[in-house]
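K.L.:
Here's a sequence, model it:
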Amino acid sequence: MKILAIDDQQLVLLPLKKKLGELGYDIKVETNALKGLEAYDSFKPDLVILDINMPGISGVEIIKQIRQDRKSETPIMVLSGNVEDEMIMNSYDLGISDYMKKPLSLNEICVRIKQLIGVPEKGEVTNQKSNVIIQQRCVGVVIPCYNEEERLLSNQFLSFIEKHSGYHLCFVNDGSKDATLDVLKKLQKGREDYITVYDCEKNGGKAEAVRLGMLHMSKYEGLDYIGFLDADLSTDFSDFDDLVSTIENNPNYKIVSGSRISRMGANIAKESARQIISLTINFIIRKILSMEFKDTQCGAKIFHKDVIELLFEEKFITKWLFDVELFMRLRKHYKIKKAKEMVCEMPLKRWVHVDGSKLSMKDSIKIVGQLANIAISYNLGWRRKSKKKKNNIESTMNKTNLGKV
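P.N.:
Down below sits the predicted model:
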């Protein structure tokens, strides 16, 4: 029995292809809708699985091509995050067999497929259930690593990607002097579709490691959001996934930032001296940004893909305060009122200080001087750069319009 699955997000197709292959189905996957239609004609599947919202040709157009142009009655199953009643009703009117809403269990998909086309004669005979959830969005996560050979929680990272189909992890080796790179390559082996290792030969600091990783991941097609997370998992994946859900369900947000503020019901553990210094620094940061942040420095943040180039294209001027620079860049580009509407600060349920932090108490004191550097540099230099970039864009648009006339 042949199944053709078409979805522009590869991270959605990979677990589907693996599981259905294990069950004995002959499955072909395509991330390009046009190639999907070509595959339909040559592969002649017994079932087509489709996403609705795809670039270029939508899933609705593919349904029309199969039903109206090709006059085919091949069963069609839709897996989509589009939950609008009108879209669902229209799809059934066009002749689909089933409509399933993402996110959903891979087990449920398999059961529905068996109901539509039956069970293959040959295949893996197993009643083992899958714990994979097919997500409606795909996320890249950058994890900067410097001398993490002893601290890297490999099993936790592997456990997460095995259960969450929509994630791709990018570990950035920041010129580590120990065997971190070997540990990362071992972690990646056999999981190249879900794990990338970006190697920096020289140590450039966390800010540069995150910047390079974010720009690298922005080149991946099919990712909706890209964020970063500390390698020690002081913020765990459960909280990070909550940040993703928040940005996913609020189209106005371009950044959702974790916050380590203490509150009832949350496990937020800090060293007392570090906490006092943090409160002082946060007060200065709020004055510089003119934004009421509780905690800009939390190492867990998620960004809409369309602001990555704006925020990460240029190198940061400070070693530890690149988070403040990110919000300053957003504020300078979009102005303060709009920038506030684009950012959400979300309290974490858990954050624990992990021994081995690279930031010393002495370094914390130096931060005050770096904040002054940010205030001066961005109030002078960034404004000129932003204006120049805006003028270049307007000039290009005017030339384009003249050419059309």
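K.L.:
In the stretch 1-150 of the chain, what residue spans correspond to strands?
P.N.:
Secondary structure of the stretch 1-150 of the chain (DSSP state E, counting those that start in this stretch): strands at 2-6, 26-30, 47-50, 76-80, 98-101, 104-105, 133-134, 139-145.
K.L.:
got a list of what the nearest residue to residue 281 once chain neighbours are set aside touches?
P.N.:
Spatially, and ignoring its direct neighbours in sequence, residue 281 is nearest to residue 367 (5.7 Å; Cβ to Cβ, 6 or more residues apart in numbering). (Each C-beta comes from the backbone N, C-alpha and C, glycine too.) With contact set as Cβ atoms under 8 Å, 6 or more residues apart in numbering, residue 367 has these partners: 281, 320, 321.
K.L.:
any idea of the mean pLDDT in the helix or strand where residue 310 lies?
P.N.:
In the assignment (DSSP states H and E), residue 310 maps to helix 308-312. Regarding helix 308-312, the rounded mean pLDDT is 96.
K.L.:
Can you pull out the residues in contact with that helix?
P.N.:
Contacts to helix 308-312, defined as Cβ under 8 Å, 6+ apart, come from residues 210, 211, 214, 215, 218, 226, 303, 326, 329, 330, 333.
K.L.:
Is it correct that the second one falls within a helix?
P.N.:
Yes - with DSSP: H, G, I helix; E, B strand; the rest coil as the criterion, residue 211 is part of a helix.
K.L.:
That one reaches residue 315, doesn't it?
P.N.:
Yes - checked against Cβ atoms under 8 Å, the pair residue 211 and residue 315 is within contact range at 6.8 Å.
K.L.:
more crowded one of these two?
P.N.:
Here residue 211 and residue 315 are compared on neighbour count by other Cβ atoms under 10 Å; more neighbours surround residue 211, at 24 against 12.
K.L.:
distance of the nearest residue to that one once chain neighbours are set aside from residue 329?
P.N.:
Take residue 211 and drop its neighbours on the chain: the residue closest to it by Cβ to Cβ, 6+ apart is residue 312, 4.9 Å away. According to Cβ to Cβ, to the nearest Å, residue 312 and residue 329 sit 9 Å apart.
K.L.:
And the helix holding residue 310, what's buried?
P.N.:
Going by neighbour count (16 or more other Cβ atoms under 10 Å), the buried part of helix 308-312 is 308, 310, 311, 312.
K.L.:
From residue 10, how far out is the last one?
P.N.:
Per Cβ to Cβ, residue 312 is found 23 Å from residue 10.
K.L.:
and residue 326, what is it in contact with?
P.N.:
Going by Cβ under 8 Å, 6+ apart, residue 326 touches 255, 301, 311, 312.
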